[in-house]
Structure formats: structure tokens, C-alpha cells
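Asks: just a sequence and a predicted model for now, questions to come.
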Amino acid sequence: MRSLDEVMWETIRTLQSHGYSVEKIVYPEDPRRRSIDIVASRSGGSPLLVKVVEDAASLQPREFRELRGCSLLLDAASLVVADRDGDTELDYMVAHERSGVYVVNTEGLEAALDNSVYVVKRQGNYYMRINGERLREERTRKGYSLGDLASLLSVSRRSVYMYEQEEVDVSLSTALKLMEIFGEEVFKPIPILGEKPEPRRHMLVRHGSPHGDVGKALEAIARAGGDAVETKRIPPDVVARIGADKMLIVIERKRERRLEKRVYEAAKVASRVLARVIAITRRSGASGLEEYGAQVYRSLEEFASEVESGEPGEAHERPIGNSS
């Protein structure tokens, strides 16, 4: 069984071999408390937020939700890379879906980057995706009516019609019957790094009942018509978006000694997802946080006033930190 470091570096090497620039996130220091370990981007593609773990079953639902929420707001794909999921050793041919996030091993990551994953596991069941146009062509070529094929598959005529009209994932038992009749050509890969994002539907997510500056930041974003998630396991305290303006908001905590570290790590994320870093600190004078590309506010009220006035700053595009 491989160590976490071995899985991590194999993941980084695989991403780099496919043209990604990679930032390794190291805050919080304990990897068991992080929901994002790697942020990667390449020209012409969506950024990628990756959590690396030995066993995906060790992750809690809130970690999947945080990863998924961040990916939706930042226009990024999200992925967990692991060697196993509980008692199941992950197979490179199968992606496991948990709370809208796919889980693959390092070989599965290679397959995902090559868009050659054909099987997904959801809630204990396996599925494959039908190529509707090809299915219709093959059905017609072989002389089957919709009813004929429905009878062979033990499904309704309407189901077969839907298979041919939409992108439909069917159970493995149905997929095997189709494969026996028409061959593998009637299936298409499942683009686990390129699925269309879900509508955000005003995503204001809180863990418990945040108060103080975190609560105020969430409320300010909501009043401005934006979306936000409170984050517990990545450098910023809030990930937010108003229109096209993506923000990673770092709020100074009482007697905090790691503000610079959190801003620096947030800037590494921002450099790959083209967001801006907001640092809210009550420190007087020059804070030095601007050196990391952060836009500094001296109070939450100052930040809220600008956000609600509809005059957000420009996203920083200067890469921060070193690529791994």
C-alpha cells in the first residue's frame, strides 16, 4: 500500500505530464484537515481542484460538499484521487461518484485526463453512458424498432427513445445487453473533468451559524446578489462570486499568527482559478499582504460597502508562488 506522499507526487506528475501547471496547497498543515491539496490549470481548460487521500472513505460528506461548492463558484472541476474507497481497491476503469465529486486512483486520473473513463459507480451501482446518436444509427442499421429493442432490454419503449435523444447513464446490466447487441461503439466516455456545472441557485452556505466577520461577509455577498460558501478546510474563510468576480476572502482571526501564511496559500489558489484575494485585517500601516497580490481592507464594513456598491476590484492574474 502506497503512502500519502507517494499518491500525492504521482498525482502531481500525472497532471504535469498533461500540460498542467500545479500549485500544492499546504494549509492547513495537517493534510487530514484539508479539503484541497492541489490546484492545477492549463491553457484552454477548466482549473482543477484536487483532494489527495489514501482512502476516500475517510473523507466526511462536509469535505466533499466544500470541495464541490468551491469548484462551482470558481468554474473549476473537482476530483478526489485515492488508492481505495473503503474496502474497494479503485480500478482505473471506474470513477466513484460521491456528492457530485468523482473519486479515481492515479491511473484513473490519467484516464480522466485522456477522457477515457466509461464506467461510474454511484450509490453502490455501476453505470455507463450511451451515445444516443450512435445507438439510433446502429438500431436502424440492424432493423430493430424502438419496441423491438425495448423488449430485448426489458425496458419501456419510452426508455429506448430517451436513450437515443439524451445523454443517459444506464445500469451496467442494461449496458452489457446493449454491448452484446451493438458492441462498444454505442457508448461514450463520461467527461468527469468536464461535466457541465450545476446552476448555482444563490449558493449561500454556512456551517452552523457563523457570526462576526465571517457571517458579515456572507451577508454582504448575499445582499450584493452573489453566491458564497463558508470554508473550513482551505486557506480562505469564504469563497464568493458576484457575476464574473471570483473572490477568496481571508479574514484575520483574533490574535492570529498565520495570516500571512493563509493569504500566501490563498494567492496560490487564486493564481490558478483567476480569482482575487481579499484580506481583511485590522492591522495598522502597511501589512505586506499586498506583496502576495491581496487586496487589503481594514474592516469588514469597508469591504461590505464596496461589494454592495457594485464596484468590485479586478481579479489578479499574476501567478503567485512556485509551480510544483
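Replies: Noted; the coordinates are in hand.

Asks: give the buried residues for the helix or strand hosting residue 249.
Replies: Per DSSP states H and E, residue 249 falls inside strand 245-251. Applying a neighbour-count criterion of 16 or more other C-beta atoms under 10 Å, one finds 245, 246, 247, 248, 249, 250, 251 buried in strand 245-251. Using the backbone N, CA and C atoms, a C-beta is placed for each residue, glycine as well.

Asks: centre of the chain to it, how far?
Replies: Put simply, strand 245-251 sits 17 Å off its chain's centre (C-alpha atoms, centre = their mean, to the nearest Å).

Asks: so in that sheet, which strands flank it, and in what orientation?
Replies: strand 238-242 (antiparallel), strand 276-280 (parallel) (DSSP bridges).

Asks: out of those, which one sits most buried?
Replies: strand 276-280 (a mean of 26; mean count of other C-beta atoms under 10 Å).

Asks: my guess is residue 128 contacts residue 168. True?
Replies: No: using C-beta atoms under 8 Å, residue 128 makes no contact with residue 168, being 9.8 Å away.

Asks: worst-scoring helix or strand of this structure, pLDDT-wise?
Replies: Between all helices and strands in the chain, the lowest mean by mean pLDDT, DSSP states H and E belongs to strand 204-205, at a mean of 48.

Asks: which SSE is immediately downstream of that one?
Replies: Downstream of strand 204-205, the first helix or strand assigned by DSSP H and E is helix 212-223.

Asks: list the buried ones in that next one?
Replies: 213, 214, 216, 217, 218, 219, 220, 221.

Asks: so the residue nearest to the fifth one when sequence neighbours are not counted bridges to which residues?
Replies: If the residues on either side of it in the chain are set aside, residue 218 comes closest to residue 228, at 5.2 Å by C-beta to C-beta, 6 or more residues apart in numbering. In this structure, residue 228 bridges to residue 204, residue 240 when assessed by DSSP bridges.

Asks: against residue 236, how distant is residue 228?
Replies: 11 Å (C-beta to C-beta, to the nearest Å).

Asks: do residue 124 as well
Replies: Residue 124 is 35 Å from residue 236, by C-beta to C-beta.

Asks: and those two? Which one has more around it.
Replies: residue 236 (25 against 5; other C-beta atoms under 10 Å).

Asks: nearest residue to that one other than its sequence neighbours?
Replies: Distance criterion C-beta to C-beta, 6+ apart; nearest residue to residue 236, sequence neighbours excluded, is residue 248 at 4.1 Å.

Asks: please apply the same query to residue 39.
Replies: In this structure, residue 39 finds its nearest non-sequential neighbour in residue 272, 4.3 Å apart by C-beta to C-beta, 6+ apart.

Asks: can you verify the one you found is assigned to a strand?
Replies: No: secondary structure assignment (DSSP: H, G, I helix; E, B strand; the rest coil) places residue 272 in helix, not in a strand.

Asks: how far away is it from residue 222?
Replies: As judged by C-beta to C-beta, residue 272 and residue 222 stand 26 Å apart.

Asks: quick one: buried residues of stretch 261-271?
Replies: 262, 263, 264, 265, 266, 267, 268, 269, 270, 271.

Asks: what is the mean pLDDT for it?
Replies: Mean per-residue pLDDT for stretch 261-271: 96.

Asks: so how far is that stretch from its chain's centroid?
Replies: Distance of stretch 261-271 from the chain centroid (C-alpha atoms, centre = their mean) equals 17 Å.

Asks: please apply the same query to stretch 124-141.
Replies: 27 Å.

Asks: for it, buried residues please.
Replies: By 16+ other C-beta under 10 Å, the buried positions in stretch 124-141 come out as 127, 128, 129, 130, 131, 132, 134, 135, 136, 138, 139.

Asks: hey, C-alpha coordinates of that stretch in PDB?
Replies: C-alpha atoms of stretch 124-141 as PDB (Å, rounded to 0.1, in the frame of the first residue of the first chain):
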ATOM      1  CA  GLY A 124     -23.400   1.200  -5.000                       C
ATOM      2  CA  ASN A 125     -24.400   0.700  -8.600                       C
ATOM      3  CA  TYR A 126     -22.400   0.900 -11.800                       C
ATOM      4  CA  TYR A 127     -23.400   2.900 -14.900                       C
ATOM      5  CA  MET A 128     -22.200   3.600 -18.500                       C
ATOM      6  CA  ARG A 129     -23.200   6.500 -20.800                       C
ATOM      7  CA  ILE A 130     -25.000   5.800 -24.000                       C
ATOM      8  CA  ASN A 131     -24.000   7.600 -27.300                       C
ATOM      9  CA  GLY A 132     -27.600   8.300 -28.400                       C
ATOM     10  CA  GLU A 133     -26.800   9.200 -32.000                       C
ATOM     11  CA  ARG A 134     -24.700   6.100 -32.500                       C
ATOM     12  CA  LEU A 135     -27.300   3.900 -30.800                       C
ATOM     13  CA  ARG A 136     -30.000   5.200 -33.200                       C
ATOM     14  CA  GLU A 137     -27.800   4.600 -36.200                       C
ATOM     15  CA  GLU A 138     -27.000   1.000 -35.100                       C
ATOM     16  CA  ARG A 139     -30.600   0.200 -34.200                       C
ATOM     17  CA  THR A 140     -31.800   1.400 -37.600                       C
ATOM     18  CA  ARG A 141     -29.000  -0.400 -39.400                       C
END
